[in-house]
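*Asks:* How does the following fold in three dimensions:
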Amino acid sequence: MDAKSQQAEAQLQLLKKEQSTAEDFLQDLQRQQNEQEWLAEDVARVHQEERESLEFLREVWQGAESRSFGYYLADLQEEEKQVWHKKIQANQEECQQKITDCRKSIYQLENQQQDLQKELLQ
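*Replies:* Modelled structure (predicted):
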């Protein structure tokens, strides 16, 4: 092997290592994405339980002031639900963007490896 081939081989090994690291990072991102989906499901379930509790309390409470307080709590719960939903959605979008970027990086690394392998075969 001449010096140029050795350099190409070393660069190829480095690219393979970078690809392996990127693939590990991609797996971590996909795991995070799954966790975000589970969190979204859990939050939706909690908000449904809160709505059911508020409905029950509204039926039990008597008087205009009590019902008004019930509506206040329902509005507050809806605001919290929207904040959580926006935060979860933003996290999911950020995670999806990272996954897309990571996949692009892996694709570029694979292309660079193919180019180096072609160079070594010549």
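*Asks:* Every contact and neighbour count from this point should use C-alpha atoms.
*Replies:* Will do.
*Asks:* quick one: average pLDDT of the strand or helix carrying residue 79?
*Replies:* Residue 79 belongs to helix 64-121 when elements are defined using DSSP states H and E. Here helix 64-121 scores 90 as its mean pLDDT.
*Asks:* Show me how far it is from its chain's centre.
*Replies:* The gap between where helix 64-121 is centred and where its chain is centred comes out at 4 Å by C-alpha atoms, centre = their mean, to the nearest Å.
*Asks:* on contacts alone, who are the packing partners of it?
*Replies:* With contacts defined as 3 or more C-alpha pairs under 8 Å, 6 or more residues apart in numbering; DSSP states H and E, helix 64-121 has these neighbours: helix 3-60.
*Asks:* now the helix it packs on against helix 64-121, angle please.
*Replies:* Counting by axes from the mean of the first three to the mean of the last three C-alpha atoms, to 10 degrees, helix 3-60 lies at 170 degrees to helix 64-121.
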